[in-house]
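Enquirer: next come a sequence and a model predicted from it.
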Amino acid sequence: MKTIMSRQQAGSRRLPHFLGVPVAHKTGDFPPVLANDVGIVYAKSGPIVVSFFLNAITEPYGEAEDREGRVTQAIVEYSDK
């Protein structure tokens, strides 16, 4: 499962977008109302499992994807302190 997730090509604006560490993730979406992503972020402090299930998106879809990336970035920065 981790091998399949590490080969994910879609969703580059989500979990891995603002990170400089490896991410194995899998997206699932139905634009423009759903933007889901789940994965393992291989942070310096150790692996972190992150999961987003966005529903009823009313903002531009790219902004919702970026928000997932920004929240993941904040989680990793906090963990790696």
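Expert: On my side now, so go ahead.

Enquirer: can you give me how far the lengthiest helix in the chain is from the chain middle?
Expert: Taking DSSP state H as the assignment, the helix of the chain that covers the most residues is helix 61-79. Distance of helix 61-79 from its chain centroid, counting by CA atoms, centre = their mean, to the nearest Å, is 7 Å.

Enquirer: which parts of that helix are buried?
Expert: If you call a residue buried by 16 or more other CB atoms under 10 Å, then helix 61-79 has these buried ones: Y61, A64, E65, D66, R67, E68, G69, T72, Q73, I75, V76. C-beta here means a position set from N, CA and C on the backbone, and glycine is covered the same way.

Enquirer: residues contacting it, please?
Expert: Applying CB atoms under 8 Å, 6 or more residues apart in numbering, the contact partners of helix 61-79 are 11, 13-19, 21, 31-32, 35, 37, 41, 43, 45-46, 48, 50, 52, 54, 57.

Enquirer: can I get the buried part of those as one PyMOL selection?
Expert: Here is the PyMOL selection string for the buried members of those, based on 16+ other CB under 10 Å:
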select buried, resi 11+13+14+15+16+17+18+19+35+37+41+43+48+50+52+54+57
